[in-house]
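Peer 1: Need the 3D shape of this:
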Amino acid sequence: MSCESETRKRFSALSDTDRAHWLDAAEAEFCVHGFEKASFNRILVAAKESKGRTYHYFSGKDEMFRATLERRAALAGAIDETAALNAGDEAGFWTEVARICESLTAAFLADAAFADLIRILHREAAARRSFAVPLNALERRTGALVRAGQSLGAVRDDLPLGLLVTVTLDLAVSIDRWFADNTDKVPEAEAAVLSSRAFGLLAAPLLPHSEFPV
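Peer 2: Modelled structure (predicted):
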């Protein structure tokens, strides 16, 4: 078992209060300085923790960023594809996928820390590398979602699954990045309309359609 998985296992066994002892300090540091410029030592000073005890739970800054973003995403509750995976028909599938998009938009607007961390994830390659395992899991979850849509006739099946997943994730990243970057510029009254239109942009490449003439 890897050192990272051992430290993560120990950290996960702590209470929410004990985990927050580190993650509150880490979140404040990352949100102000980004990933690359964040200081592991400053986080420890803010948390009033020693390096020895911290390394018992984290292999380094990479793992701490991952834990910080995972906690914030869970608190935001923005992505839960269970209802879409269990939809009974095409209309129900797209209704549930639309709710995921609306939930993400609402989370960005309501949770400044979540928006800050997502901005860091999109802007900094090192942050994405530290979050590689959850991102790979997201790719698998997206594949399952696309397959569920195909089984209902809601998603086209004339292209390889991998290509459809790549297109979906690329569009989702672009949309998420835009909303994360513009949380302070989008009036609350316009957010729902923009979210609906962005959902249409995301869904369009997946919709079944007849072949275009060559």
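
Peer 1: Where does pLDDT dip in the chain?
Peer 2: 1-4, 78, 210-214 (pLDDT under 70).

Peer 1: Nearest to the spatial middle of it, which residue is it?
Peer 2: Ala73 (6.5 Å; Cα atoms, centre = their mean).

Peer 1: can I assume that residue is in contact with Asp111?
Peer 2: No - look at Ala73 against Asp111 with Cβ atoms under 8 Å: they stay out of range, at 9.7 Å. From N, CA and C alone the C-beta is placed, and that goes for glycine too.

Peer 1: what helix or strand is Leu44 on?
Peer 2: helix 40-47 (DSSP states H and E).

Peer 1: Any buried residues in that helix, and which?
Peer 2: Of the residues in helix 40-47, 40, 43-44, 47 count as buried by neighbour count, 16 or more other Cβ atoms under 10 Å.

Peer 1: ok, and what's touching it?
Peer 2: Taking contacts as Cβ atoms under 8 Å, 6 or more residues apart in numbering, the residues outside helix 40-47 that touch it are 21-22, 24-26, 28-29, 50-51, 54, 60-61, 64.

Peer 1: Now which of those residues would you call buried?
Peer 2: Here, 16+ other Cβ under 10 Å leaves 22, 25-26, 28-29, 54, 61, 64 buried among those.

Peer 1: Okay, helices next: where are they in this structure?
Peer 2: 3-12, 16-33, 40-47, 51-55, 61-76, 82-85, 90-110, 112-123, 125-130, 132-151, 161-181, 188-203 (DSSP state H).

Peer 1: so which of these comes closest to His209?
Peer 2: The closest of these to His209 is helix 188-203. By Cβ to Cβ, the value is 11.9 Å.

Peer 1: relative to helix 161-181, how tilted is that closest one?
Peer 2: Angle of helix 188-203 versus helix 161-181, following axes from the mean of the first three to the mean of the last three Cα atoms, to 10 degrees, is 160 degrees.

Peer 1: what's helix 188-203 packed up against?
Peer 2: helix 90-110, helix 161-181 (3 or more Cβ pairs under 8 Å, 6 or more residues apart in numbering; DSSP states H and E).

Peer 1: contacting residues around the last one?
Peer 2: By Cβ under 8 Å, 6+ apart, the residues outside helix 161-181 that reach it are 101, 104-105, 108-109, 115, 118-119, 122, 138-139, 142-143, 146-147, 155-156, 186, 194-195, 198, 201-202, 205-206.

Peer 1: again, but for the first one
Peer 2: For helix 90-110, contacts defined as Cβ under 8 Å, 6+ apart pick out 76-81, 83-84, 87, 114-115, 118, 145, 148-149, 152-154, 175-176, 179-180, 183, 186, 188, 191-192, 194-196, 198-199, 202-203.

Peer 1: rewinding a little: CSV for the helices and strands packed on helix 188-203, including mean neighbour count?
Peer 2: Listed next are the helices and strands packed on helix 188-203 as CSV, based on neighbours: other Cβ atoms under 10 Å:
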stretch, mean neighbour count
helix 90-110, 19
helix 161-181, 16
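
Peer 1: So for Ala127, which of those helices sits nearest?
Peer 2: Nearest to Ala127 among the helices and strands packed on helix 188-203 is helix 161-181 (12.7 Å), distances taken as Cβ to Cβ.
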